[in-house]
Every structure is written in C-alpha cells, then in structure tokens.
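Undergrad: quick one, fold the following:
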Amino acid sequence: MKALILAAGYATRLYPLTLDKPKPLLKVGSKTITDRLTDNISRAKEIDHIYIVTNQKFSSHFEEWARTNPRGIKASVINDRTLANETRLGAIGDMELVVRESGIKDDLLVLGGDNLFEFELGDFVAFGRRKKGAAVAVRDVGDPDEARKYGIVRVDNDEKVVEFAEKPAEPKSTLAAMCVYYFPKDTLGLLNVYLDKGLNKDAPGHYISWLSQNYRVYAYRVTGEWFDIGDKRLLELADEIYKRKDGKGVKNDKGA
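TA: Okay, here's the model as predicted:
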C-alpha cells in the first residue's frame, strides 16, 4: 500500500511564514507537520512507500526532508512543476499526476499536508477494507454554523456517504470531511474519468462527492484533536497545544 501527502499549495494566507518554506514543513510543537503525518503513516505497517507531491518552488525543501527522513519507509518527492497559485494543478490533478507518473497500482492513502489529527491511520485503512469501498475520515463538529466552513457529508445507517456538499449554506449534517482518504486500487482509474469530465480539480471534496455517486464511499468517524491549518490563528493554536503535548511526553520519558 502507498501513501500520498498533498503538499503543492502556496499557503499565501500564512505569509510571510510560507514565503520561503512550505506550510507542511512548518513546526507545530517540536516537529514539523510532515513529520507528525509520517510518524502516523509509519505505524500503519502495510504502507511501504510515501509520496509527497509539491511544486517547483518547494520541491528542493521536500527533497532535503526525504534525504533525512528517519522513519524507515521509502519517500519520494513528485514535483508538479507549477510555480504559482494561479497555475496549480489542484489536489485532484496532483493525485492523478502521482498515480500516473509513479505507476501506482496499490491501494492509496491520501492525506492533506496541512491536517493534524490523533487517530491511527492503520485503523482507518482497516475500516475501508472491511467496508470494501473508499473511505473518508469525518469529525462531528456539532454546530451547523461551524459546519458551513467544511465539506459536509450525510451518511446512511451503514456509514455509506449518500451526499457530500462543499461548505454548504444550509448543512444537512455536522459531519465534516477531513483531508484523509483511502482509495482501493480499483478506484485509481476513476481519477481520469473525473478529470476528463472537466469537473473541479482543486478541492478533494468535489471528487469525493462525485465518487460517492459512482462508487462506494464510507465515512469513518473520529474524535480527538483535529487541525486543518489554513491561517495563522489555527497554526498558533496547534503549536500551543502540541508544545504542551510534547512537553508532557518529555517529562514522562524522564520518569516524571
């Protein structure tokens, strides 16, 4: 099984922090966001290769990260060769690029490079395989006003996604989709079918919405911390919380 981290954005809302450094390589607590994601990936034993898709501007940053990656899983950096926000391929375009250029024929785990969460990816993959379909991690944000900020899913009694709406004005549920997806290998060819229709290739939620109408997609409910780091406020909040978590870890290691 392969894992793909989406890291081809330019994070203009975080300027000047991201003028010369990609958002996924910013530190949150004592580790970068990418390090935290790959720590979790490495615990999912069936994953044997990590791909990171990025752009021309930040490709060298991730290549340096890959050279020093200590996690024992092979990591490859795919450059989508874009140089600006206006010419980016979009998340779905980047997914198709990696699958095509790398010849991926295995099940694929896809993660947003700016998402932090607590649940175990191995359990998430096991859920998708048990359901024999694609899967998206969801978290109940509880409040309809909060739900308007996210891609929102509605599910049936078997947790099958029956509707997906990107930032709806009137949410029909409060289950927010995270940028954490499991795609069985037999769905990878559907990326081309979707893109050939000229549909939105930017936000992954648009693809999940289409896929849920053409394949089986299930919602995996999670709890615990979740940060979709889109601005400085959320970055600072995540940094504060993870510094506390990391600090507790240090104390425990010393026997405190």
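Undergrad: can you pull out the helices in this protein?
TA: Ranges of helices within the chain are 33-43, 59-68, 91-102, 121-131, 144-147, 190-196, 204-214, 232-253, based on DSSP state H.
Undergrad: can you say which of those helices is nearest to residue 18?
TA: helix 232-253 (9.8 Å; CB to CB). All C-beta atoms are positioned from the backbone trio N, CA, C, and that covers glycine.
Undergrad: run the chain-centre distance for the helix or strand of the chain with the lowest mean pLDDT.
TA: Within the chain, no helix or strand scores below helix 232-253, which has a mean of 80 by mean pLDDT, DSSP states H and E. Chain-centre distance of helix 232-253: 21 Å, with CA atoms, centre = their mean, to the nearest Å.
Undergrad: by contact count, what packs against it?
TA: Using 3 or more CB pairs under 8 Å, 6 or more residues apart in numbering; DSSP states H and E, the elements in contact with helix 232-253 are strand 27-28, strand 226-228.
Undergrad: out of those strands, flag the one nearest residue 159.
TA: Comparing these by CB to CB, strand 226-228 comes nearest, at 18.3 Å.
Undergrad: show me what that closest one is packed up against.
TA: Strand 226-228 packs on strand 115-117, strand 175-183, helix 232-253, going by 3+ CB pairs under 8 Å, 6+ apart.
Undergrad: for these, which one sits closest to residue 95?
TA: Smallest distance to residue 95 across those (CB to CB): 8.6 Å, for strand 175-183.
Undergrad: how far does that closest one sit from the chain's center?
TA: Mean-position distance between strand 175-183 and its chain equals 7 Å (CA atoms, centre = their mean).
Undergrad: orientation of that strand relative to helix 33-43 in degrees?
TA: Going by axes from the mean of the first three to the mean of the last three CA atoms, to 10 degrees, strand 175-183 is angled at 60 degrees with respect to helix 33-43.
Undergrad: for the record, mean pLDDT for strand 175-183?
TA: The average pLDDT within strand 175-183 is 97.
Undergrad: who does it pair up with?
TA: If you go by DSSP bridges, strand 175-183 pairs up with strand 108-112 (antiparallel), strand 134-140 (antiparallel), strand 151-155 (antiparallel).
Undergrad: list the buried ones in that strand?
TA: Neighbour counts using 16 or more other CB atoms under 10 Å place 175-183 of strand 175-183 among the buried residues.
Undergrad: equivalent analysis for stretch 114-129, please.
TA: In stretch 114-129, counting by 16+ other CB under 10 Å, buried: 114-117, 119, 121-122, 124-128.
Undergrad: wait, doesn't residue 131 sit right on residue 219?
TA: No. Using CB atoms under 8 Å, residue 131 is not in contact with residue 219, being 9.8 Å away.
Undergrad: those two: who's more crowded?
TA: A direct count of neighbours by other CB atoms under 10 Å for residue 131 and residue 219 places residue 219 higher, at 26 against 19.
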